[in-house]
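Trainee: output the structure for:
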Amino acid sequence: MSHVLKNIPESLLRYAAPTPVKKPRDKELNKPEEKHDVLYRDIKVGDEVLDILLPPRVFVGDNLDYYVQKVHRAPATEREIERLRIELDRKLFERGARMSGPCVIRRELLLQALDELIREESIACAETGILMAAWRDHCARTLKAYEDLYVSRLAHENQKYLKGNHIDPT
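Mentor: Numbering: from 1, shown residues only. All right, here's what the predicted structure looks like:
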């Protein structure tokens, strides 16, 4: 199964080994990930919590077989938490993330680290994991709203600028 692992994108979130599955229907492949805006009060305990908060990823292997990879179910040890910190620092440096101001690379890596912390906490206490995931989703919605406002403001300023340049002095 090592030939399959070549095509999987790296992530700070710890996943279990991929398992082969039957070919999913096209509807399932095109269905958007329901990672955010889940009704958290309807979640049961156990493995279902992890599958809802951190959905498994589906991908195609080299031999065109479909695989599903769920997040790892084992609790994290102190050594794994330290490994996560070191790996995060290494990836931030390697990918050239800026340490101040907005940075897409830093945001992506920190979200992966947060997902790993949610995984670890959900295994220890499902309710705390659900609360952390709700907070993550709230922050994502807030950030998206700020980005939309910024883009809208830029568009408005551009319109005002263009309108101002077309006035003929007479």
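Trainee: I'd guessed residue 70 sits against residue 16; true?
Mentor: Yes - with contact defined as Cβ atoms under 8 Å, residue 70 counts as touching residue 16 (5.4 Å). For every residue, glycine as well, the C-beta is placed using N, CA and C.
Trainee: between the two, which one's more packed in?
Mentor: Under the criterion of other Cβ atoms under 10 Å, the comparison of residue 70 against residue 16 puts residue 70 first, with 17 against 13.
Trainee: contact partners for the closest residue to the more buried one other than its chain neighbours?
Mentor: Leaving out its chain neighbours, the residue that sits closest to residue 70 by Cβ to Cβ, 6 or more residues apart in numbering is residue 56, at 4.3 Å. Contacts for residue 56 (Cβ atoms under 8 Å, 6 or more residues apart in numbering) come out as 68-71.
Trainee: where does the chain have low pLDDT?
Mentor: Applying pLDDT under 70 to the chain flags the ranges 1-8, 24-46, 166-170.
Trainee: residue ranges for the helices of it, please.
Mentor: Using DSSP state H, the helices of the chain run over residues 26-30, 47-53, 78-94, 104-124, 126-165.
Trainee: redo those as CSV? Include distance to residue 62.
Mentor: As requested, those are exported to CSV (distance: least, Cβ to Cβ, whole Å):
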stretch, distance to residue 62
helix 26-30, 18
helix 47-53, 26
helix 78-94, 25
helix 104-124, 25
helix 126-165, 33
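Trainee: nearest to residue 10, of those?
Mentor: helix 78-94 (8.0 Å; Cβ to Cβ).
Trainee: how far off helix 104-124 does that closest one point, in degrees?
Mentor: 170 degrees (axes from the mean of the first three to the mean of the last three Cα atoms, to 10 degrees).
Trainee: buried ones in helix 78-94?
Mentor: 84, 87-88, 91-92 (16 or more other Cβ atoms under 10 Å).
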